[in-house]
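Trainee: Only the shape, not the letters, is given here:
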DNA sequence: TAGGCCATCTGGTCCT
DNA sequence: AGGACCAGATGGCCTA
């Protein structure tokens, strides 16, 4: 755990003046700030854990380089779109005796919760990578 | 050394 | 009132 700030740390030295008019108020404000900082650290750690989980299920460029957060989100998005297309194509060509393949959208819609700001149009954009089962190729 | 990425702090806003 | 969430600021680490 490294502290990135040298000038203002958990000491709460930047509490507002109104909160620190008396030593008691200063102390409570400091404690509140420290507690808030700790909560924020924990929240961000949870977020990073979620990113790590996502990295494990998303195709990687290679074993050596870890995807950045932004890249992870972009890759997950593209990957989901690609999987959705595979499912759609499979359903279209599946023979009747392959009913296990005939998934209904509600059965995998949990994978499609992401809504791109650009709207539904995004879902029809093409997956920009080739996936060989383990790695992606541009 | 510049730029990218990241962790942390902080104050504001919203929600319970 | 207090916690969750968010975005901006800051500064450290790493790589080309």
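Mentor: Okay, I see it. Because the structure is predicted, anything quoted here is derived from the model rather than measured.
Trainee: near DNA strand C at all, the biggest helix by length in chain A?
Mentor: Among the elements of type helix in chain A, defined by DSSP state H, the one spanning the most residues is helix A:23-57. Yes. Part of helix A:23-57 sits close enough to DNA strand C to count as contact by CB under 7 Å from any atom of the strand, namely A:32, A:35-36, A:39-40, A:43. All C-beta spots, glycine's among them, are computed from the backbone N, C-alpha and C.
Trainee: what's the neighbour count on whichever residue of chain A sits closest to DNA strand C?
Mentor: As assessed by CB to the nearest atom of the strand, DNA strand C sits closest to residue A:39 within chain A, at 4.1 Å. Residue A:39 is flanked by 10 other residues according to other CB atoms under 10 Å.
Trainee: Also residue A:34?
Mentor: If you count neighbours by other CB under 10 Å, residue A:34 ends up with 14.
Trainee: quick one: is stretch A:31-46 near DNA strand B?
Mentor: Yes. Where contact is defined by CB under 7 Å from any atom of the strand, part of stretch A:31-46 touches DNA strand B, namely A:33, A:36-38, A:40-41, A:44-45.
Trainee: Sweet, I'm off.
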